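Participant: I'd like to go over a predicted model; first the sequence, then the structure.
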Amino acid sequence: MPDSPHPYDRPSDPAKRHSAALTDGPDRAAARGMLKAIGFTDEDLAKPIVGVGTSWIETMPCNYNHRRLAESVKAGIRAAGGTPMEFGTISVSDGVSMGTEGMKASLISREVVADSIELVARGHLFDGVVCIFGCDKTGPGAAMALGRLDIPGLALYSGTIYPGIRSAAVGGNGSRDATVVTVYEAIGAYRAGKINLDELYEVENASCPGPGACGGQFTANTMSMVMEALGLSPAGLNEIPAEDPAKDDAARRAGEMVMRLVRDDVRPSTFVTRRSIDNAIAAVAATGGSTNAVLHLLAIAHEYGIPLAIDEFGTIADRTPIVADLQPGGRYTATHLYEAGGLALVFRELLAAGRIDGSAANVDGRTTAAIADAAVAADGQDVVVPFDRPLKPTGGLAILRGSLAPDCCVVKLAGHERRLHRGPARVFDSEGKCYAAVRDRRIVPGDVVVIRYEGPVGGPGMQEMLSVTAALTGEGLGDTVALITDGRFSGGTHGLMIGHVAPEAALGGPIGLVEEGDEIVIDVDAARIDLSVGADILEQRRGRWSAPLPRYRGGVMAKYAALVSSASEGAVTTGRRMATALQQSSSPEASRTFAETVITAG
């Protein structure tokens with residue numbers, strides 16, 4: 001019998017479209033030697049190499065099962081003929097850091113997640129990639145990286161936390177199912193004298209019973225749904241709760257699935273199209289999802305080169321009924337949606353109403369229409385209602401413009417009925433100062449709370465205002481005050497809350513000219529938000545205004561502030577502002593030419 005070919009002479013697997021340059025032939029002996037040092041064999045290195053990225057971290061429950069799920073994903077990849085290589089990226093917990101200076105790092109982490117996945121995949125020439133995501137920014141970060149790389153890949157959500165059970169309803173909608181938002185609202189109730197310390201402690205201990213991301217239709221579960229709607233996550237696998245025994249099998253199936261994508265060279269750009277983005281926006285609107293989805297979908301569209309304007313969110317929401325009764329505006333958690341029949345039920349209603357495109361493709365090989373057709377509702381479920389008997393006739397968000405927000409702002413509509421509010425401004429130049437006023441009960445019914453200098457540049461990082469909004473709700477003011485900010489809100493927020501005001505205060509936006517007691521008018525039906533102050537007075541104020549000193553002079557926070565775009569553009573760090581920064585900081589002609597090219601392209 002002829003001798004078997006030398007390992008250097010074996011023909012490369014056709015699916016090793018990238019990794020062959022890393023592993024094949026005598027010139028790559030050093031690389032192979034290093035990989036053999038940690039257990040990879042000649043047989044392993046002859047197969048397509050698939051990166052398995054996790055954001056495991058010991059600072060939150062949201063991503064705590066990633067190591068376990070990675071083992072199942074890797075088993076699926078091996079079973080389907082690939083070689084997995086696990087790597088890690090970062091995460092910042094919104095829920096844990098909320099109300100502290102640490103919250104400024106959250107949105108910035110989205111860029112670091114995307115950058116790090118991109119760098120590892122490019123640096124190690126992966127043929128494919130699976131991104132396991134959990135806490136809020138890891139999902140959009142993974143989607144952005146997949147768009148930049150455009151190598152075969154998918155994303156798997158590590159799953160929602162189960163709801164906690166408490167003995168008595170505190171705040172919110174009266175449900176006894178507790179989430180982390182319940183704790184924030186209970187803090188407000190305690191400060192208002194409505195509950196005692198023992199009751200607060202009971203809610204704290206009941207709210208988060210184990211691993212998994214925050215349990216309502218808050219940002220993590222909203223973005224999990226978005227990833228399925230975009231086609232980047234296998235339908236039905238994301239919504240399995242983190243601690244459900246079926247989650248490990250889902251992870252294995254994801255590993256097997258990515259190998260089909262690698263073999264057939266099916267790339268993320270196949271799935272993320274304008275129709276799948278529109279489907280994702282409709283799903284957000286139909287479930288009362290987080291307004292952070294606006295920010296993230298703008299950024300994702302940017303990475304895939306798909307034109308998307310912020311006003312289109314309002315257009316889609318206006319024609320989309322709310323069909324899912326989910327917290328924070330409704331009664332149920334993500335676990336209840338899963339038990340009721342899952343996101344496919346939402347797709348089924350939206351497809352029947354003609355509000356989504358059934359031809360959009362999913363990484364599992366099916367179309368959105370096929371996913372909807374396969375939906376099976378649990379007997380007696382009322383989490384998802386028929387489209388012709390919706391919870392509300394229009395979706396859970398709106399885009400407003402006006403003298404206070406010339407470049408737009410985003411208002412969440414689920415969870416309250418008010419569409420018109422007129423009141424005096426209560427002005428705070430940071431979230432911390434506002435929280436102190438709420439804690440000390442200095443906010444009264446009718447007020448319009450303004451929190452500014454918390455935008456992408458001014459914060460930097462657009463920290464969320466859940467501590468403030470939940471405290472207002474806990475004190476019983478959620479239905480009588482409005483809150484406006486150039487920062488953003490947690491997906492757990494409900495009430496008349498308006499974020500992403502642009503231009504932001506730090507860049508000279510009108511929100512920076514508001515003074516205590518100014519009348520502000522919010523008219524959702526007219527899509528307007530206006531400051532009732534004469535133009536001549538505003539011009540005088542503008543003459544006295546000066547830009548604040550940066551809160552950070554160096555490091556990642558300063559770098560982000562220098563590069564980030566407006567919230568109305570997704571707060572991305574690639575594009576026009578980056579090019580401008582390059583022009584201002586570099587004198588060589590080559591840098592100027594590069595910057596001009598980026599401006600033209602982005």
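Facilitator: Perfect, I can see it now. Numbering: from 1, shown residues only.
Participant: Every contact and neighbour count from this point should use C-alpha atoms.
Facilitator: Noted.
Participant: Would you map the strands across this protein?
Facilitator: 49-54, 83-88, 128-133, 153-157, 164-165, 177-178, 397-402, 405-412, 420-428, 448-451, 482-485, 496-499, 519-523, 528-531 (DSSP state E).
Participant: what about these, which gets the closest to residue 457?
Facilitator: Checking the strands of the chain against residue 457 by C-alpha to C-alpha gives strand 482-485 as the closest, at 13.3 Å.
Participant: what's next to the closest one, contact-wise?
Facilitator: The contact list for strand 482-485 (C-alpha atoms under 8 Å, 6 or more residues apart in numbering) reads 421, 446-452, 454-455, 469, 495-501.
Participant: Show me where this protein dips below the pLDDT cut-off.
Facilitator: The chain contains residues with pLDDT under 70 at 1-3, 166-176, 415-416, 575-602.
Participant: Measure how buried residue 86 is and give me the count.
Facilitator: For residue 86, the neighbour count with other C-alpha atoms under 10 Å is 18.
Participant: For it, list each beta-bridge partner.
Facilitator: residue 52 (DSSP bridges).
Participant: returning to what we had before: redo the strands of the chain as JSON lines? Include distance to residue 245.
Facilitator: Output for the strands of the chain, formatted as JSON lines (distance: least, C-alpha to C-alpha, whole Å):
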{"stretch": "strand 49-54", "distance to residue 245": "19"}
{"stretch": "strand 83-88", "distance to residue 245": "22"}
{"stretch": "strand 128-133", "distance to residue 245": "17"}
{"stretch": "strand 153-157", "distance to residue 245": "15"}
{"stretch": "strand 164-165", "distance to residue 245": "18"}
{"stretch": "strand 177-178", "distance to residue 245": "21"}
{"stretch": "strand 397-402", "distance to residue 245": "35"}
{"stretch": "strand 405-412", "distance to residue 245": "35"}
{"stretch": "strand 420-428", "distance to residue 245": "47"}
{"stretch": "strand 448-451", "distance to residue 245": "43"}
{"stretch": "strand 482-485", "distance to residue 245": "41"}
{"stretch": "strand 496-499", "distance to residue 245": "38"}
{"stretch": "strand 519-523", "distance to residue 245": "47"}
{"stretch": "strand 528-531", "distance to residue 245": "48"}
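Participant: Of all these, which one comes closest to residue 508?
Facilitator: strand 405-412 (11.4 Å).
Participant: partners of that closest one, with directions?
Facilitator: strand 397-402 (antiparallel), strand 496-499 (antiparallel).
Participant: Out of these, which gets nearest to residue 545?
Facilitator: Of those, nearest to residue 545 by C-alpha to C-alpha is strand 397-402, at 20.3 Å.
Participant: Just the C-alpha atoms of that closest one, please, in CSV.
Facilitator: Below are the C-alpha coordinates for strand 397-402, written out as CSV (Å, rounded to 0.1, in the frame of the first residue of the first chain):
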residue,chain,number,x,y,z
LEU,A,397,-42.0,53.8,20.2
ALA,A,398,-42.1,57.0,18.3
ILE,A,399,-39.6,59.5,16.9
LEU,A,400,-40.1,63.1,17.8
ARG,A,401,-38.5,66.3,16.5
GLY,A,402,-38.9,70.0,17.4
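Participant: quick one: contacts of that strand?
Facilitator: Counting by C-alpha under 8 Å, 6+ apart, 285, 288, 291, 310-311, 313-314, 317-318, 407-414, 524, 527-530 sit against strand 397-402.
Participant: OK, contacts around residue 301?
Facilitator: Counted by C-alpha under 8 Å, 6+ apart, residue 301 has contacts 277, 307-308.
Participant: got a markdown table for those, with neighbour count and distance to residue 563 too?
Facilitator: Formatted as a markdown table, the contacts of residue 301 follow (neighbours: other C-alpha atoms under 10 Å; distance: C-alpha to C-alpha, whole Å):
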| residue | neighbour count | distance to residue 563 |
| --- | --- | --- |
| 277 | 25 | 25 |
| 307 | 9 | 20 |
| 308 | 18 | 20 |
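Participant: Return the member of those residues nearest to residue 70.
Facilitator: Nearest to residue 70 among the contacts of residue 301, with distances taken as C-alpha to C-alpha, is residue 277, at 27.7 Å.
Participant: Go ahead and confirm the closest one touches residue 230.
Facilitator: Yes: the criterion here is C-alpha atoms under 8 Å, and residue 277 meets it with residue 230 at 6.0 Å.
Participant: mind listing which of the contacts of residue 301 are in helices?
Facilitator: residue 277 (DSSP state H).
Participant: ok, of the contacts of residue 301, which one's closest to residue 567?
Facilitator: residue 308 (13.3 Å).
Participant: OK, contacts around that closest one?
Facilitator: 298, 301-302.
Participant: One more: residue 126?
Facilitator: 18-19, 48-51.
Participant: so can I have a markdown table of these showing distance to residue 539 and neighbour count?
Facilitator: Formatted as a markdown table, the contacts of residue 126 follow (distance: C-alpha to C-alpha, whole Å; neighbours: other C-alpha atoms under 10 Å):
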| residue | distance to residue 539 | neighbour count |
| --- | --- | --- |
| 18 | 58 | 18 |
| 19 | 60 | 22 |
| 48 | 63 | 28 |
| 49 | 60 | 30 |
| 50 | 58 | 30 |
| 51 | 55 | 26 |
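Participant: Out of the residues you listed, flag the one nearest to residue 178.
Facilitator: Of the contacts of residue 126, the one sitting nearest to residue 178 (C-alpha to C-alpha) turns out to be residue 51, at 36.2 Å.
Participant: Based on its surroundings, how many neighbours for residue 315?
Facilitator: 14.
Participant: With the flanking residues excluded, which residue is spatially nearest to residue 381?
Facilitator: The spatially closest residue to residue 381, leaving aside those adjacent along the chain, is residue 340, at 5.5 Å (C-alpha to C-alpha, 6 or more residues apart in numbering).
Participant: I misspoke; the intended subject was residue 143.
Facilitator: Nearest to residue 143 is residue 300, by C-alpha to C-alpha, 6+ apart, at 6.5 Å.
Participant: what do you get for residue 246?
Facilitator: Per C-alpha to C-alpha, 6+ apart, closest to residue 246 is residue 240, 7.1 Å.
Participant: wait, what's in contact with the residue nearest to residue 381?
Facilitator: So residue 340 contacts 377-378, 381-384 (C-alpha under 8 Å, 6+ apart).
Participant: can you tell me how far it sits from residue 141?
Facilitator: 29 Å (C-alpha to C-alpha, to the nearest Å).
Participant: What of residue 495?
Facilitator: 28 Å.
Participant: what sits against the nearest residue to residue 90 once chain neighbours are set aside?
Facilitator: Leaving aside its chain neighbours, residue 90 sits nearest to residue 55 (5.2 Å; criterion: C-alpha to C-alpha, 6+ apart). Contact analysis of residue 55 by C-alpha under 8 Å, 6+ apart lists 63, 66, 88-91, 132-134, 138.
Participant: Neighbour count and distance to residue 199 for those - can I get that in TSV?
Facilitator: As requested, the contacts of residue 55 are exported to TSV (neighbours: other C-alpha under 10 Å; distance: C-alpha to C-alpha, whole Å):
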residue	neighbour count	distance to residue 199
63	28	28
66	25	33
88	20	39
89	20	38
90	17	35
91	27	31
132	29	36
133	32	33
134	32	30
138	30	33
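Participant: which two from those residues end up farthest apart in space?
Facilitator: 88 and 134 (13.0 Å).
Participant: Looks like residue 568 contacts residue 295 (just checking).
Facilitator: Yes: if you go by C-alpha under 8 Å, residue 568 and residue 295 touch, sitting 7.5 Å apart.
Participant: what's the span of stretch 521-533 from first residue to last?
Facilitator: 11 Å.
Participant: cool, stretch 503-521 as well?
Facilitator: Using C-alpha to C-alpha, the two ends of stretch 503-521 sit 18 Å apart.
Participant: for that stretch, which positions count as buried?
Facilitator: The neighbour-count check on stretch 503-521 (16 or more other C-alpha atoms under 10 Å) flags 503-515, 518-521 as buried.
Participant: Please compute how far that stretch lies from its chain's middle.
Facilitator: 27 Å (C-alpha atoms, centre = their mean, to the nearest Å).
Participant: what do you get for stretch 349-356?
Facilitator: For stretch 349-356, the distance to the chain centre is 24 Å (C-alpha atoms, centre = their mean).
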